[in-house]
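**Student:** Next input, structure requested:
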Amino acid sequence: MNLQKFYWFIAIGCFSLFGCLATPSYKEQVAVPGAVYGQGGPLASINLGLVYTENTEQAFDYMRKHMRHGHRVFVPFLEKCDPKKVTQGLDKIIRSRFKRVTKFASMDEAVKSDVDLILAFDYRCTICQKVDQNTTVDITSTFTNRQGHIIDTIKGSGLSTPEYVSFSYGFDAALGPAFKQFESGLDKSELMTSFAQRRSLPASVVKAAESSPQPVELKPGSFYNKSWAVVIGINKYDFWPPLEYAASDAQVVAKKLREIGFDEVIEILDKEATRERILTVLGSELPKNVGPDDRVLIFFAGHGQTESMPDGKEKGYIIPVDGDITNYFTSAISMQQVRDISERIPAKHILYAMDACYSGLGFTRALGVDPGINGYIQKITSLRSVQMITAGGKAEQVVELDGHGLFTQYFLQGLDGEADRDNDGVVTASELGAYLIPQVSRASDNLQTPQYGRLEGEGEVVFLVPAKK
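**Tutor:** As a prediction, this is how the structure comes out:
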């Protein structure tokens, strides 16, 4: 072998060796608008509209501003707290599952579009600033149809406590678990799958499966034999801080309910609103008098509280006038007691409207009736339903403004017809919830965000829109 061939042999061997050692670094291809969409899963037939809530936009702005200060920004290799990580992570999940995803600037735009489903993406975060602080990420994804009917709410949360705050925010460690929980909840949601399956049926099959609509006489007495209300308002507590407008709000709600056709309205105000009195009326008097075709509305304006349990779960309470500030279990009224009360009342429809903030509500994941079906009003008014709307969640405060609690103010407007999104002359509890959530959140500068859900059943509590004078 001459010297030239020997050198070529050595060169080829070196290139082969380097080829084995220097494995290319592959990058995962992230789906982008107009590229890869649904991959044939249960949601692949659905056109999704995406809307970022005001909380999300506020959180993104907070993250951007957070990166503009502090010594960490001068070290380029450190972890970045970037809103793009959130948007790209969300896109990766939803664009691989839905047929098409369209981003809208507002719910109003999404409602007017041709999408099948709307995702209101609510994202909140806190970024650690010093040792022993946490970075948290909380995601609440509410899926609704264009009529405002909530199909499902899927959540995710993550938390991290960075050991070396000067070198890490711990943001990635918190964001990852939050998205993992959201992704898992989306894939396991029977409500979403059921909605998608129905949407994929041929129109002829859906039409054949539904009965022809019957005329509905929209007047008091159309849907219920008798309507009952228990209205509770507390300003002056024995142990808790006083409120300014809770009692007057209860009186205004009582007046409104009488105007719109409620037959029996029981008012329990201030010193009368003891734990014993409230439980006696709700758990004993109502069950004795209410009939199976009746409607019951229970309105409460006062303090609410959330208790963290040893297993990590949360229990919500409403606070009576004599409620102890340190002992909720024996002096307040828990969500479990509310459930027990609901089971004792034989009414067809029960709605709890709570102008109080607390968590641990224990809503079911029951799917209501699709508003698009023929005979929708007849269907929802024939099925049992227990529903609840609260003024806000854990650690939120009821906002009082211009002589009313914000929740009560918009609750009354909703009953007057503002919540009637499909203009059919009927306001359902779901429509009330869909109306109150953005209205109260916006008006309170995100200090309180109402919560809505079902405790039982698939029907709907309904209210006739008053005739305009």
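**Student:** chain center to stretch 114-126, what's the gap?
**Tutor:** Chain-centre distance of stretch 114-126: 10 Å, with Cα atoms, centre = their mean, to the nearest Å.
**Student:** for stretch 304-324, same thing?
**Tutor:** Here the centre of stretch 304-324 is set off from its chain's centre by 20 Å, with Cα atoms, centre = their mean.
**Student:** what mean pLDDT does that stretch have?
**Tutor:** For stretch 304-324, mean pLDDT rounds to 87.
**Student:** residues making contact with it?
**Tutor:** Contacts with stretch 304-324, where a contact means Cβ atoms under 8 Å, 6 or more residues apart in numbering, come from 234, 236-240, 270-275, 277-278, 300, 302-303, 328-336, 338, 354, 356-361, 390-391, 393-395. C-beta coordinates here come from the backbone N, C-alpha and C atoms, glycine included.
**Student:** Among those, name the ones in helices.
**Tutor:** Residues of the contacts of stretch 304-324 located in helices (DSSP state H): 275, 277-278, 328-331, 335-336, 338.
**Student:** Low-confidence stretches in this structure?
**Tutor:** By pLDDT under 70, the low-scoring segments of the chain are 1-40, 66-78, 148, 165-167, 199-222, 360-376, 468-469.
**Student:** mind giving me the domain ranges of this protein?
**Tutor:** For the chain, the structural domains run 47-200, 222-464, going by automatic domain parsing.
**Student:** Tabulate these (a markdown table), appending distance to residue 41.
**Tutor:** Output for the domains of the chain, formatted as a markdown table (distance: least, Cβ to Cβ, whole Å):
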| stretch | distance to residue 41 |
| --- | --- |
| domain 47-200 | 6 |
| domain 222-464 | 19 |
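**Student:** Would you indicate which residues of stretch 312-331 are buried?
**Tutor:** 314-324, 328, 331 (16 or more other Cβ atoms under 10 Å).
**Student:** Start and end of it, how far apart?
**Tutor:** 22 Å (Cα to Cα, to the nearest Å).
**Student:** re the thing from before, which of the domains of the chain sits most buried?
**Tutor:** domain 222-464 (a mean of 20; mean count of other Cβ atoms under 10 Å).
**Student:** element containing residue 455, please.
**Tutor:** In this structure, residue 455 sits in strand 451-457 according to DSSP states H and E.
**Student:** Just the CA atoms of that strand, as CSV, please.
**Tutor:** Extracted in CSV, the C-alpha atoms of strand 451-457 (Å, rounded to 0.1, in the frame of the first residue of the first chain):
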residue,chain,number,x,y,z
GLN,A,451,-67.8,29.8,39.9
TYR,A,452,-70.6,27.8,38.4
GLY,A,453,-71.5,24.1,38.4
ARG,A,454,-73.9,21.2,39.1
LEU,A,455,-74.4,19.3,42.3
GLU,A,456,-76.9,16.9,40.7
GLY,A,457,-78.8,16.2,37.5
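**Student:** helices and strands around it, which ones?
**Tutor:** With contacts defined as 3 or more Cβ pairs under 8 Å, 6 or more residues apart in numbering; DSSP states H and E, strand 451-457 has these neighbours: helix 335-344, strand 385-392, helix 429-443.
**Student:** neighbouring strands for the second one, and are they parallel or not?
**Tutor:** Same thing as strand 385-392. Note on strand 385-392: by DSSP bridges, its sheet partners are strand 349-357 (parallel), strand 451-457 (antiparallel).
**Student:** can you list those in TSV and add distance to residue 252?
**Tutor:** Converted to TSV, those look like this (distance: least, Cβ to Cβ, whole Å):
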stretch	distance to residue 252
strand 349-357	11
strand 451-457	21
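**Student:** Out of those, which is closest to residue 284?
**Tutor:** Residue 284 sits nearest to strand 349-357 of all these, at 15.7 Å, using Cβ to Cβ.
**Student:** for the very next helix or strand once past the closest one, packing partners?
**Tutor:** On the C-terminal side of strand 349-357, the closest following helix or strand by DSSP H and E is helix 376-382. If contacts are counted by 3+ Cβ pairs under 8 Å, 6+ apart, helix 376-382 sits against strand 462-464.
**Student:** And residue 55, which helix or strand is it part of?
**Tutor:** Using DSSP H and E, residue 55 falls within helix 54-66.
**Student:** Pull the distance from that helix to the chain's centre.
**Tutor:** Helix 54-66 sits 20 Å away from the centroid of its parent chain (Cα atoms, centre = their mean).
**Student:** Keeping just the C-alphas, turn that helix into PDB.
**Tutor:** Taking C-alpha atoms only, helix 54-66 is exported to PDB below (Å, rounded to 0.1, in the frame of the first residue of the first chain):
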ATOM      1  CA  GLU A  54     -58.200  38.800  31.200                       C
ATOM      2  CA  ASN A  55     -56.400  36.800  33.900                       C
ATOM      3  CA  THR A  56     -54.200  35.200  31.300                       C
ATOM      4  CA  GLU A  57     -53.300  38.500  29.600                       C
ATOM      5  CA  GLN A  58     -52.600  40.000  33.000                       C
ATOM      6  CA  ALA A  59     -50.300  37.000  33.900                       C
ATOM      7  CA  PHE A  60     -48.500  37.400  30.600                       C
ATOM      8  CA  ASP A  61     -47.900  41.000  31.300                       C
ATOM      9  CA  TYR A  62     -46.600  40.200  34.800                       C
ATOM     10  CA  MET A  63     -44.200  37.700  33.400                       C
ATOM     11  CA  ARG A  64     -42.800  40.100  30.800                       C
ATOM     12  CA  LYS A  65     -42.300  42.800  33.400                       C
ATOM     13  CA  HIS A  66     -40.700  40.300  35.800                       C
END
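**Student:** C-terminal to it, what's the next element?
**Tutor:** helix 83-95.
**Student:** I'd like the helices and strands packed on strand 451-457 written out as JSON lines, with distance to residue 89 added.
**Tutor:** Shown next, in JSON lines, are those (distance: least, Cβ to Cβ, whole Å):
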{"stretch": "helix 335-344", "distance to residue 89": "33"}
{"stretch": "strand 385-392", "distance to residue 89": "27"}
{"stretch": "helix 429-443", "distance to residue 89": "24"}
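**Student:** Please report phi then psi for residue 403.
**Tutor:** phi 90, psi 0 (degrees, to the nearest 10).
**Student:** pretty sure it is touching residue 248, no?
**Tutor:** Yes - in this structure, residue 403 is within contact of residue 248 by Cβ atoms under 8 Å, at 7.3 Å.
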